[in-house]
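[1] next comes the sequence, and after it the predicted model I'd like to discuss.
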Amino acid sequence: MAARDNRTPYDLYFSGKADIRDGCNMVGEGVGGKPYFFSFTTRAYAIDSDVTTTITNGKHEVLGTLTWGVANYFGTFTTKYLTNKKSEFMSHLYMGGEGTEPAVVSNIDGVSFKILKLQDHTTYMMSAATGNLLAGFVPENVVSPHVGPIHGRLAFNFDNDELMLYALMSLCIVRWVDHSGTGL
């Protein structure tokens with residue numbers, strides 16, 4: 001596994017399918033041993049219709065959705081945290097940058113954050129608008145006796161469920177765009 005950065009002491013392991021949008025499970029522990037489990041599942045209804053990625057927790061409760069437009073273009077998203085609105089445009093979670101410029105700039109629960117893609121386009125750093133490191137995603141190819149095959153790890157240092165959900169949704173979008181070149 002990659003070296004530990006003391007600024008991000010908690011881990012969320014990406015297991016299951018290595019597909020960015022479908023069959024990917026994230027499991028880990030946060031502050032005080034708080035358990036985390038997320039699952040991303042994607043269903044395409046027809047070749048000429050929207051595709052929906054559903055994000056659930058360990059209790060199979062729906063936490064949010066990413067609805068990709070026809071041909072995987074940006075559509076809308078929902079979360080259990082949106083109030084007075086049924087959905088928002090997915091572009092609120094992704095604002096494309098050139099090269100290593102910020103790929104995502106969002107303001108969630110009063111915390112502005114950006115996700116920077118590193119030059120290899122598989123490693124990402126998430127920081128607050130103030131520049132403080134919040135998290136980092138690195139691809140990994142290891143087997144854990146507790147989780148099984150792991151294909152990525154998000155090391156993080158915050159305790160905010162809403163921020164975690166939005167960060168994972170944003171990371172899903174930016175990784176999908178980098179992987180497939182669609183959604184622009």
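    Done, it's in. In this text the structure is predicted, and so the values were computed from the model without any measurement.

[2] just checking, Leu116 touches Tyr124?
    Yes - here Leu116 reaches Tyr124: they are 6.6 Å apart, a contact under Cβ atoms under 8 Å. Backbone N, C-alpha and C define where each C-beta goes, glycine included.

[3] go through stretch 127-142 and flag the buried ones.
    Of the residues in stretch 127-142, Ser127, Leu134, Ala135, Gly136, Phe137, Val138, Pro139 count as buried by neighbour count, 16 or more other Cβ atoms under 10 Å.

[4] of the residues you listed, which belong to strands?
    Among those, the ones falling in strands (DSSP state E) are Ser127, Leu134, Ala135, Gly136, Phe137, Val138, Pro139.

[5] which of these lies closest to Phe158?
    Using Cβ to Cβ, Leu134 is the member of those that sits closest to Phe158, with 5.6 Å.

[6] now the closest one. Nearest residue, chain neighbours left out?
    Excluding its sequence neighbours, the residue lying closest to Leu134 (Cβ to Cβ, 6 or more residues apart in numbering) is Met126, at 4.7 Å.

[7] what's near enough to touch the residue nearest to Lys34 when sequence neighbours are not counted?
    Excluding its sequence neighbours, the residue lying closest to Lys34 (Cβ to Cβ, 6+ apart) is Asp159, at 7.0 Å. The contact partners of Asp159, by Cβ atoms under 8 Å, 6 or more residues apart in numbering, come to Gly30, Val31, Gly32, Lys34.

[8] I'd like the distance between Asp159 and Val31.
    4 Å (Cβ to Cβ, to the nearest Å).

[9] same check, this time on Tyr166
    The gap separating Tyr166 from Val31 is 18 Å, by Cβ to Cβ.

[10] who's more crowded, these two?
    Neighbour count, other Cβ atoms under 10 Å: between Tyr166 and Val31, Tyr166 has more, with 24 against 12.

[11] surely the more buried one is in a strand?
    No - counting by DSSP: H, G, I helix; E, B strand; the rest coil, Tyr166 is not part of a strand but helix.
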